[in-house]
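Q: kindly return the folded structure for what I paste below:
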Amino acid sequence: MSNDEEQRVTIITGRVWREGDSTPEIIHVLLVAPDDDTAVTMTLEALAEEGYAEAELDQIGELQDAPDEEPHLSAWQGALEGEIAIVSFGPDET
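A: Numbers count the residues shown, from 1 in each chain. Okay, here's the model as predicted:
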């Protein structure tokens with residue numbers, strides 16, 4: 001794909017837990033994937049690599065335009081560059 005507009009950035013939201021933690025972190029994952037099933041698989045693999053023991057994914061969708069603010073703007077750019085960008089929030093940060 002030749003430019004950003006041809007690539008669809010998928011966003012997945014949910015909650016994750018580290019081993020032994022009872023309080024979840026809220027996450028937003030941004031990535032480019034060919035379909036929703038692949039996006040979910042890639043997300044779960046990336047979360048496991050980051051040390052999360054459990055995940056509950058709530059919503060999946062597409063970002064139509066670049067986000068206006070950080071940290072999502074950097075995550076969006078990273079996704080366009082092939083990264084799986086994980087934005088995490090503590091329970092009081094949402």
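Q: which strands and helices sit next to the helix or strand where residue 73 lies?
A: Assigned by DSSP states H and E, residue 73 belongs to helix 72-80. Judged by 3 or more CB pairs under 8 Å, 6 or more residues apart in numbering; DSSP states H and E, helix 72-80 is in contact with strand 9-18, strand 25-31, strand 85-89. All C-beta atoms are positioned from the backbone trio N, CA, C, and that covers glycine.
Q: pLDDT of it, averaged?
A: Helix 72-80 shows a mean pLDDT of 97.
Q: hang on, the earlier thing: tell me the most buried of the helices and strands packed on helix 72-80?
A: Mean neighbour counts were compared across those using mean count of other CB atoms under 10 Å; the top stretch is strand 25-31, at a mean of 22.
Q: would you mind getting the angle between that one and strand 85-89?
A: Interaxial angle, strand 25-31 versus strand 85-89 (axes from the mean of the first three to the mean of the last three CA atoms, to 10 degrees): 160 degrees.
Q: rounded mean pLDDT for strand 25-31, please.
A: pLDDT averaged over strand 25-31 gives 97.
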